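In: Pasting a predicted model and its sequence here:
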Amino acid sequence: MAKITFDEFYFNRYGERWEALKAAMLSEEDDKTSPSGLLTPYYMDRTSIETASLLPVKEGDTILDMCAAPGGKSIVLLLKLNGKGKLVSNDRSPDRRERMRKAIASSLPENLREPSVITGHDASRWGLYEKEVYDAILLDAPCSSERHVLQSPEHLKEWSPSRPKRLQALQYSMFTSAILALKHGGFLLYSTCSINHGEDDEIISRFMKKHPGEAEEIEVSLEYGKKLEHGMIVLPDNSKGRGPMYAALMRKL
């Protein structure tokens, strides 16, 4: 039996909309901007900035960015901390950590990057070692990143239906790890750049079903966002090319 192709996989999920969505993801993003107040601009998808800003952060908080590279969302969070508190920006790759370190150093004055700590731990096991430590956590999880796959012939050729399944298992383990590391009353912002609901809303649904009463959903608002059962998703075919971006905000009870 021939394996299902990338196009078939997403046509089965989006139907006739898939061709327009695919075309939008194949186009270059032309609506990028930089957070204000930086030494040098750091250009990002506008929805990425908007998403990072959804995490409730106040000066003096202890924050974790679990999968932080290339660092744009960490820069947004450091601006919100305003030099007071702590931000742990984590990524497993030494090369990505170094690029993130350089991005933070070139974008922010010394006083605003003072709270920054960069680490290289396994995010899926974080909650085993640090329990109820963080006031807020951003989990911008590794995902199918369909826009990148479509624009890379090499990655498109290597794609198979097993990849989203592997990612969903990793995403869920990271999500539960983040909940363990979060203080009671703290906030977890879960985001991906995937259009696959199995990596988005279904992660939240699975957790809520398995752990009733442990967390509650906080409604979020994103420009061009479509409300799903739990979070919101921004799709590039109806958002001036922004995204894809999924975001859901939870509060630990």
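Out: Happy to help now that I have it.
In: Find the residue closest to the most centrally placed residue in the chain in space, skipping its chain neighbours.
Out: Residue closest to the average C-alpha location in the chain (C-alpha atoms, centre = their mean): Asp140, at 2.2 Å. Excluding the flanking residues, the one nearest Asp140 by C-beta to C-beta, 6 or more residues apart in numbering is Ser191, at 4.8 Å. To be clear about C-beta, it is placed using only N, CA and C from the backbone, and glycine gets the same treatment.
In: list the contacts for that neighbour?
Out: Listed by C-beta atoms under 8 Å, 6 or more residues apart in numbering, the contact set of Ser191 reads 51, 138-141, 245-248.
In: Mind pulling up the pLDDT for it?
Out: Ser191 carries a pLDDT value of 98.
In: List just the nearest of the contacts of Ser191 to Tyr224.
Out: Met245 (9.4 Å; C-beta to C-beta).
In: I'd say that closest one and Leu222 touch.
Out: Yes: contact criterion C-beta atoms under 8 Å: Met245 and Leu222 qualify, at 7.3 Å.
In: Using CSV, list the CA coordinates for the longest helix belonging to the chain.
Out: When the chain is parsed with DSSP state H, its longest helix is helix 162-181. In CSV, the C-alpha atoms belonging to helix 162-181 read as follows (Å, rounded to 0.1, in the frame of the first residue of the first chain):
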residue,chain,number,x,y,z
SER,A,162,4.4,9.0,11.3
ARG,A,163,6.1,12.3,11.9
PRO,A,164,3.0,14.1,13.3
LYS,A,165,2.4,11.1,15.6
ARG,A,166,5.9,11.3,17.0
LEU,A,167,5.6,15.0,17.5
GLN,A,168,2.3,14.7,19.3
ALA,A,169,3.8,12.3,21.8
LEU,A,170,6.7,14.7,22.4
GLN,A,171,4.4,17.7,22.7
TYR,A,172,2.2,16.0,25.2
SER,A,173,5.1,14.9,27.4
MET,A,174,6.4,18.5,27.3
PHE,A,175,3.0,19.9,28.2
THR,A,176,2.6,17.6,31.3
SER,A,177,6.2,18.4,32.3
ALA,A,178,5.4,22.2,32.1
ILE,A,179,2.3,21.7,34.3
LEU,A,180,4.5,20.0,36.9
ALA,A,181,7.1,22.8,36.8
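In: quick one: the residue nearest to Asp140 is in a strand?
Out: Yes: counting by DSSP: H, G, I helix; E, B strand; the rest coil, Ser191 is part of a strand.
In: Roughly how far does it sit from Lys102?
Out: Ser191 is 23 Å from Lys102, where distance means C-beta to C-beta, to the nearest Å.
In: Buried residues in the longest helix of the chain, which are they?
Out: 163-164, 167-168, 171-181 (16 or more other C-beta atoms under 10 Å).
In: got the buried residues for stretch 75-83?
Out: 75-81.
In: Of those residues, which is the nearest to Ala24?
Out: Using C-beta to C-beta, these come closest to Ala24 at Val76, 24.4 Å.
In: which residues of the stretch 151-253 of the chain fall in strands?
Out: For the stretch 151-253 of the chain, the strands defined by DSSP state E, counting those that start in this stretch occupy 182-192, 215-218, 226-227, 232-234, 245-252.
In: Same list, the ones you listed, but as CSV with distance to Phe11 please.
Out: What follows is the strands of the stretch 151-253 of the chain, written out as CSV (distance: least, C-beta to C-beta, whole Å):
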stretch, distance to Phe11
strand 182-192, 20
strand 215-218, 30
strand 226-227, 19
strand 232-234, 18
strand 245-252, 20
